[in-house]
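Chemist: Prediction below, plus the sequence it came from.
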Amino acid sequence: VHNYKPAILIRDTGRFLRVDVPTRVDKQREWNKPVWWPAGLLLLAAAALYWVAHSNLKRRERTNARGEVLAS
């Protein structure tokens, strides 16, 4: 960024700034790298939730009215 001087009267200095565009684009690429581990963690949590729900449903299907498991 060039041409920047803090001023009391001018609050919107953005339109008066001279920005070095190639450097700005390079820095944005460097700073904004994607983080993929949360997506893997969400998939793992969804798989665990599915497994728990599926096993509980199968166990519930095998129980009688008293809650006794009939078959393994």
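Modeler: Right, received. Where do you want to start?

Chemist: Distance from whichever strand or helix holds residue 27 to the middle of the chain?
Modeler: Using DSSP states H and E, residue 27 sits within helix 21-31. Helix 21-31 sits 22 Å away from the centroid of its parent chain (CA atoms, centre = their mean, to the nearest Å).

Chemist: Could you list the residues in contact with the helix or strand that that helix is followed by?
Modeler: Elements were assigned by DSSP H and E; along the chain past helix 21-31, the next helix or strand is helix 37-61. If you take CB atoms under 8 Å, 6 or more residues apart in numbering as the criterion, helix 37-61 is touched by residue 69. In short, each C-beta sits where N, CA and C put it, glycine included.

Chemist: Name the residues of helix 37-61 that come out as buried.
Modeler: Residues of helix 37-61 classed as buried: none (neighbour count, 16 or more other CB atoms under 10 Å).
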